[in-house]
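In: Got a predicted model here, sequence first, then my questions.
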Amino acid sequence: MEDRFLPSAQRGGGSATYINYPISQSLLRRTDKDKLRKLFQEKQWQAEWDAQTLFAHVRREAGGFNIHLKELLRENKQRHEAIVEALHQVYEQWKAQGCPTADKNNYCSWSRHLFCGLYRVEDPFLGQLDYSLYPKQQRGRRLESVEVKQVDNTHSLREERPGWYFPLKCLVSQKDLDNGAKYQIISPDDLDYLILPARDFWILIPDPENPDSGAYASWEAPSLGTQFILLCKQELLSDIQRLQDEHLLEWSCTPQPIFNNSGWVELQECMVVSQAWDGVFIKNQTLKYALQPSVKLSISLSGGLRVPKIGAWLVNHGPKITIFGFYSTAELKVTRLSDNQTILERSQSTNTSITLDFAHPGDYLIEATFAGESSQRLVKIVDWNYLDIEKCVHREVMPINSVYHIFGSVIQQSC
């Protein structure tokens, strides 16, 4: 819970009281992995796909899977990202072991590659738009030092947040988006390349830790009620227009090209607005699977005063709560976990934010339910004395005249 994870292990009954805890936590069993390897072999999949692209392809072939594997592919948001990464780990191990139909040795071999997504920033004054490489860490493996070579420069990867390294300074070009890119890893020795996969589209969401920062990146699939940016090839616009005509997807403004004479465009302020995707068919099914919502309820937290780096809010300045969903109302319950006290329980209109008085530090569990669907979020509230004073870092200097200059928002007298 310190890392904002929710407990999901389930107690069993009778003789399975304790056995059910690990069983309920399992994702892929050995038979599931063998089934996946058989699928990879039959389809001759050896492309350098990232986790989300692979998941879309696997989900399309789910008809021949067993019940457990089908349920995993339909899993709700709570474990979705873990399942996507688990599938990709099996795929990378399968390629590293020489593409066998079964893992007879049943041992774990790490992928020899790191993958990266995209990190987008925009200068609000100059209107300049930049896309950078955003390296992703291998799930379940902590690497102390990674050195990547690009042309004549060497970049050291440093952890920015769990699961991700800091974006690299090198910008992504149109050629990189069209064909993908590979960058040699010179350290450690058991890694070969940092790979930007070639894709037809990228889904970029606001920073989950700081939505107001203006940064967008390929962190995860967008949750309900989250506006995102869809970066895609122009040839996909007919499919996207079909989704809008069917009232499944909305966006604002005209698609904007991101390079001069480029085949890539941005659609801004995109949002999924319906769950009725099953009867709609488009040419690019991978795009459909990526956008189609896997849940019917989602809890969004916005506003308030956030504490940097730990994902918490300050006491008396907690977040606004919004339940996004395809129903008109949902049951909302907020529980303070320190004493298991319910501080709010009522029927709440969806897509409407409410302000709750988080007057005491602690962890709060927010639950939304309706018609068998449920969603949960954990909120941490901390006291003001939890804050540390950040050291002042002087960055760009702009002289006003011979006497004063500006450091960011600070005006100082020249020495």
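Out: Done, it's in.

In: which of the residues in the longest helix anywhere in the chain are buried?
Out: What stands out as the longest helix in the chain, according to DSSP state H, is helix 77-96. Using 16 or more other CB atoms under 10 Å as the test for burial, helix 77-96 gives 77, 80-81, 83-95. All C-beta spots, glycine's among them, are computed from the backbone N, C-alpha and C.

In: cool, stretch 348-367 as well?
Out: Applying 16+ other CB under 10 Å to stretch 348-367 flags 348, 350, 356, 358, 361-367 as buried.

In: Secondary structure, distance to Ala221 and pLDDT added to the residues you listed, as JSON lines?
Out: Formatted as JSON lines, the buried residues of stretch 348-367 follow (DSSP: H, G, I helix; E, B strand; the rest coil; distance: CB to CB, whole Å; pLDDT from 0 to 100):
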{"residue": "Gln348", "secondary structure": "strand", "distance to Ala221": "24", "pLDDT": "93"}
{"residue": "Thr350", "secondary structure": "coil", "distance to Ala221": "20", "pLDDT": "91"}
{"residue": "Leu356", "secondary structure": "coil", "distance to Ala221": "27", "pLDDT": "89"}
{"residue": "Phe358", "secondary structure": "coil", "distance to Ala221": "28", "pLDDT": "89"}
{"residue": "Pro361", "secondary structure": "coil", "distance to Ala221": "32", "pLDDT": "92"}
{"residue": "Gly362", "secondary structure": "strand", "distance to Ala221": "30", "pLDDT": "91"}
{"residue": "Asp363", "secondary structure": "strand", "distance to Ala221": "25", "pLDDT": "91"}
{"residue": "Tyr364", "secondary structure": "strand", "distance to Ala221": "25", "pLDDT": "93"}
{"residue": "Leu365", "secondary structure": "strand", "distance to Ala221": "23", "pLDDT": "92"}
{"residue": "Ile366", "secondary structure": "strand", "distance to Ala221": "20", "pLDDT": "94"}
{"residue": "Glu367", "secondary structure": "strand", "distance to Ala221": "21", "pLDDT": "93"}
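
In: and which of those is nearest Ala198?
Out: Among the buried residues of stretch 348-367, Thr350 lies closest to Ala198 (CB to CB), at 38.3 Å.

In: any chance you could map the strands in the stretch 251-400 of the chain?
Out: Applying DSSP state E, counting those that start in this stretch to the stretch 251-400 of the chain gives strands spanning 264-272, 297-302, 306-307, 312-314, 320-325, 329-336, 341-349, 353-355, 362-370, 373-382, 397-399.

In: Deepest-packed of those strands, please.
Out: Highest mean neighbour count among these (mean count of other CB atoms under 10 Å): strand 320-325, with a mean of 22.

In: Got the domain ranges for this structure?
Out: Here the domain parsing of the chain from automatic domain parsing is 14-96, 113-196, 213-291, 297-386.

In: Let me have the ones you listed in JSON lines, extended by distance to Ser8.
Out: Shown next, in JSON lines, are those (distance: least, CB to CB, whole Å):
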{"stretch": "domain 14-96", "distance to Ser8": "7"}
{"stretch": "domain 113-196", "distance to Ser8": "17"}
{"stretch": "domain 213-291", "distance to Ser8": "18"}
{"stretch": "domain 297-386", "distance to Ser8": "9"}
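
In: Can you say which of these is nearest to Tyr404?
Out: Ranked by CB to CB, the member of the domains of the chain that lies closest to Tyr404 is domain 113-196, at 20.8 Å.

In: now the residue sitting nearest the centre point of the chain, nearest residue through space, not along the chain?
Out: In the chain, the residue lying closest to the centroid (CA atoms, centre = their mean) is Glu220, at 1.7 Å. Excluding its sequence neighbours, the residue lying closest to Glu220 (CB to CB, 6 or more residues apart in numbering) is Glu81, at 5.6 Å.

In: Make sure Val84 is actually in contact with Gln52.
Out: Yes. Using CB atoms under 8 Å, Val84 is in contact with Gln52, at 6.4 Å.

In: Now the phi/psi pair for Ile203, please.
Out: When quoted as degrees, to the nearest 10, the phi and psi of Ile203 stand at phi -110, psi 120.

In: Show me which of the buried residues of helix 77-96 is closest to Asp130.
Out: Of all the buried residues of helix 77-96, Asp130 sits closest to Glu81, with 26.1 Å by CB to CB.

In: you'd agree the closest one is up against Pro208?
Out: No. Under the criterion of CB under 8 Å, Glu81 lies out of contact with Pro208, with a separation of 11.3 Å.

In: Any chance you could list residues touching both of those two?
Out: Taking CB atoms under 8 Å, 6 or more residues apart in numbering as the criterion, Glu81 and Pro208 both touch Glu220.

In: Low-confidence ranges, the stretch 1-150 of the chain, go.
Out: The model of the stretch 1-150 of the chain has pLDDT under 70 over residues 1-4, 75-78, 101-109.

In: Would you indicate which residues of stretch 234-246 are buried?
Out: Buried residues in stretch 234-246, counted by 16+ other CB under 10 Å: 236, 239-240, 242-243.

In: With stretch 151-166 instead?
Out: Of the residues in stretch 151-166, 155, 157, 164-166 count as buried by neighbour count, 16+ other CB under 10 Å.

In: which residue ranges form the helices in the stretch 1-150 of the chain?
Out: In the stretch 1-150 of the chain, the segments counted as helices under DSSP state H, counting those that start in this stretch are 20-25, 30-43, 51-60, 67-73, 77-96.

In: which other residues reach the first one?
Out: Meaning helix 20-25. Counting by CB under 8 Å, 6+ apart, 8-13, 16 sit against helix 20-25.

In: Return the closest of these with respect to Ile186.
Out: Ile186 has its nearest neighbour among the contacts of helix 20-25 in Ser8, at 39.6 Å by CB to CB.
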